[in-house]
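Engineer: Whatever this is, show me its structure:
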Amino acid sequence: MSVTTIPPGFTAYAPPVTESSSADASAVPIWPQWQRVLFRFFFVYLLLQIAPWRWFRAIPGVPFILRYYAKATDWAVHAANARLFHVRDTLVPVNGSGDTSWAFAELWLYLSLAAIACVVWTVIDRKRTHYERLGFWLRTIVRYYIASAALSYGIIKLFLLQMPFPALSQLATPLGDLLPMRFSWLFIGYSAPYQFFSGMMETTAGLLLLYRRTVTAGLFAATGAFLNVVMINLSYDVPVKLYASHLLFACLFLLALDAKRLLRFLVLNQAAPPTTAYDARYDRTWKTWGSAGVKVFIVFQILIFPFKNGWQRYQVIKHADTSGLFKAGRAALRRQSRHDRHNDRRHAALARCDLRQYRRR
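Structural biologist: Numbers count the residues shown, from 1 in each chain. Here you go, the predicted model:
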């Protein structure tokens with residue numbers, strides 16, 4: 001057996017290392033244990049809370065399946081409440097109010113299921129070093145969840161449909177007789193420009209979230225909009241605190257996944273690379289086209305149809321016979337406001353005259 005000698009000044013041959021091979025080796029770092037555990041918990045919890053399969057109810061046959069899914073969920077919530085949580089003896093289902101006893105029992109159920117699934121998942125899949133692929137799908141689901149809510153609430157505000165102008169009976173109601181929620185509704189409904197501005201902010205956030213390159217900007221816009229909504233709900237006792245809090249948490253959750261990059265750019269004033277976490281990676285052409293088709297379907301569900309329905313409702317209200325009553329109420333309120341301002345100026349002038357006479361004495 002001969003041994004090949006290497007002449008002085010030469011090195012042994014090694015196969016070239018390409019950029020793709022080096023990138024593949026370092027593209028997916030090993031996640032720490034705490035990150036993998038938290039991912040498992042939030043993956044299960046957010047999937048149960050968002051229920052993205054409801055987005056496809058327009059497909060024939062899906063409503064039939066969702067009907068039985070809703071029945072199974074209702075049975076599980078009542079059974080868990082009766083045996084474990086005891087939120088209330090009789091659960092009040094979700095109606096116009098989202099903060100019912102049934103909703104709180106559902107919250108405890110989903111948290112419990114996520115914790116149990118996290119423990120089982122950790123035991124079974126403890127050798128896995130990362131969840132990059134599942135992380136992409138979780139980001140996508142949460143992103144469209146936020147975009148759907150932002151566009152839904154934003155569009156109806158653009159057409160001044162969520163908070164209508166106060167009716168004559170409401171204008172004649174003493175302020176002390178109004179509930180805090182009704183007072184906030186009238187406060188926003190009285191000012192069409194402010195309601196339109198609120199809707200524009202939410203709609204802009206939703207549109208930015210639909211494009212991968214502007215997701216971060218959309219998350220910041222949505223965080224600001226939903227933080228305002230949460231504070232209004234808490235301050236004026238609007239019974240949609242759970243839903244609004246989940247939307248705000250979803251925004252902060254996605255921003256937290258990019259915490260290192262955002263910290264470098266916004267706080268440390270350092271260069272930060274663009275995120276590729278929302279970029280789809282498919283190895284088959286049919287998967288790419290299928291993903292595009294699903295996105296178009298979802299965009300129609302959360303953007304095109306709501307805008308069309310909002311426009312139609314706006315036209316109906318605009319041409320309704322009762323429009324004269326709203327105009328008369330608005331005019332009467334403005335006349336009363338001018339009268340009050342005139343009286344205030346008159347009383348102020350009289351007070352100044354009395355003060356001058358007092359000083360002369």
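
Engineer: Settle this for me: residue 48 is touching residue 114, isn't it.
Structural biologist: Yes: distance between residue 48 and residue 114: 6.9 Å, which falls inside the contact criterion (CB atoms under 8 Å). Backbone N, C-alpha and C define where each C-beta goes, glycine included.

Engineer: what about the two, which has more around it?
Structural biologist: When residue 48 and residue 114 are compared on other CB atoms under 10 Å, the one with more neighbours turns out to be residue 114, at 20 against 16.

Engineer: Report the secondary structure element holding that one.
Structural biologist: Assigned by DSSP states H and E, residue 114 belongs to helix 101-124.

Engineer: List the buried residues for that helix?
Structural biologist: Buried residues in helix 101-124, counting neighbours by 16 or more other CB atoms under 10 Å, are found at 101-110, 114, 117-118, 121.

Engineer: got it, and stretch 31-39?
Structural biologist: 31, 36-37, 39.

Engineer: And those, which is closest to residue 240?
Structural biologist: Looking at these and their distance to residue 240, the nearest is residue 39, at 28.4 Å (CB to CB).

Engineer: Now for that closest one: which residues touch it?
Structural biologist: Contacts here follow CB atoms under 8 Å, 6 or more residues apart in numbering; on that basis residue 39 touches 31, 131, 134-135, 138.

Engineer: so the helix or strand hosting it versus helix 101-124, what angle?
Structural biologist: Element membership of residue 39, judged by DSSP H and E, is helix 33-50. For helix 33-50 and helix 101-124, the angle between their directions (axes from the mean of the first three to the mean of the last three CA atoms, to 10 degrees) works out to 140 degrees.

Engineer: What's the first helix or strand after helix 33-50?
Structural biologist: Towards the C-terminus, the helix or strand next in line after helix 33-50, according to DSSP H and E, is helix 62-80.

Engineer: Now do that following helix: which elements does it pack against?
Structural biologist: Using 3 or more CB pairs under 8 Å, 6 or more residues apart in numbering; DSSP states H and E as the contact definition, the elements that helix 62-80 packs against are helix 101-124.

Engineer: quick revisit: what mean pLDDT does the helix holding residue 114 get?
Structural biologist: When pLDDT is averaged along helix 101-124, the result is 96.

Engineer: Can you list the helices and strands that the following helix or strand past that helix packs against?
Structural biologist: Sequence-wise, the next helix or strand beyond helix 101-124 is helix 132-158, with elements assigned using DSSP H and E. If contacts are counted by 3+ CB pairs under 8 Å, 6+ apart, helix 132-158 sits against helix 33-50, helix 192-209, helix 215-235, helix 241-257, helix 305-318.

Engineer: Any buried residues in helix 132-158, and which?
Structural biologist: Within helix 132-158, the residues scored as buried using 16+ other CB under 10 Å are 136, 138-158.

Engineer: Chain neighbours aside, what residue packs nearest to residue 43?
Structural biologist: Counting by CB to CB, 6 or more residues apart in numbering, residue 138 is the residue found nearest to residue 43 once chain neighbours are left out, at 5.5 Å.

Engineer: That neighbour against residue 41, yeah?
Structural biologist: No: using CB under 8 Å, residue 138 is not in contact with residue 41, being 11.6 Å away.

Engineer: is it true that residue 128 touches residue 37?
Structural biologist: No: between residue 128 and residue 37 there is no contact, the gap being 11.6 Å when judged by CB under 8 Å.

Engineer: hmm, back to that, chain center to the helix holding residue 114: distance?
Structural biologist: Averaging C-alpha coordinates over helix 101-124 and over its chain gives two centres that are 21 Å apart (CA atoms, centre = their mean, to the nearest Å).
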